[in-house]
Structure formats: C-alpha cells, structure tokens
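1. Return atomic coordinates for the entry below.
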Amino acid sequence: MEIREAILKAADWIQRYPSDFKYMENEIPDCGMPGCAIGWIGHFLGVKRRNGFDIDNVMKIMGLKYLHEFSRHRMDVLCGWESNWRNNADACAAGMRLYADKYHPAPVSTPNWEAISTADAKEIA
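-> As a prediction, this is how the structure comes out:
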C-alpha cells in the first residue's frame, strides 16, 4: 500500500473509531489496543509489531527523522494548536488528510493532448 493511501485509511479509521486513537500510545495497534496516528498509518502499511519502539520503521517509510517532525513541525502547523488534534479524533483525522495532501499528494495525471486534439467532436461530447 502506498503511504498516502495508508494515511487516508488511518484517518478514516481514527474518525470512525475514536476510542481506538490515543496520541501517547506510540505503537502500532494490535489486538484491539489503541494507537497513535503514526501507529495506525503503520498498521495500514502492514508494518508488523515487534519489541521496541515500533513506529521508528513507520517514520522511516514516511521520510521522517524524528517523531516531533510529524507532531510539532507538521501536524501542529496544519491543524493549529487550538484544534487539540492530540486528544480529538475528528481533528486528528482532518489533520491527517491535510498531511497526506501536503506531504504525499496524489499523483497528477496529464491528459493525452494528442488524442484529445485529434478526436472527433462526437467522441468528446
């Protein structure tokens, strides 16, 4: 799964199941336990839990060097401090969608201009 898709799936999950979100958990969720935003992203990326600080692998996949790069330098800026995204699942999910758009945008497809320019008017209509 691509990073953007995992971020969006994690955002949907957190919004749908707010009790599964806990900012301070800092692990990939397993067996009904809550997880942080990065933990849920890791879950949807298929990163397996192991002993230790599991989200380090997820941060590497996301291109992050430090945990605070995600929370303080990116999510706080995108969401704003007043959003309380750390304790509010809806605000976190909204911020994660903004994060996906800014740091992992959807690929832009270029139209086939040659095909469009040579197409019959009937084909276009």
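2. what about the helices in this protein?
-> 3-16, 37-45, 55-62, 67-70, 76-79, 89-103, 113-118, 121-124 (DSSP state H).
3. ranking those helices by burial, who's on top?
-> Mean neighbour count (mean count of other CB atoms under 10 Å) peaks for helix 37-45 among those, with a mean of 26. Every residue, glycine included, has its C-beta placed from N, CA and C.
4. What's the per-residue pLDDT of the spatially closest residue to Asp76 that is not a sequence neighbour here?
-> Take Asp76 and drop its neighbours on the chain: the residue closest to it by CB to CB, 6 or more residues apart in numbering is Trp85, 7.9 Å away. On pLDDT, Trp85 comes in at 95.
5. Could you report the neighbour count for Trp85?
-> 24 (other CB atoms under 10 Å).
6. My read is that it contacts Cys92, right?
-> Yes: contact criterion CB atoms under 8 Å: Trp85 and Cys92 qualify, at 4.5 Å.
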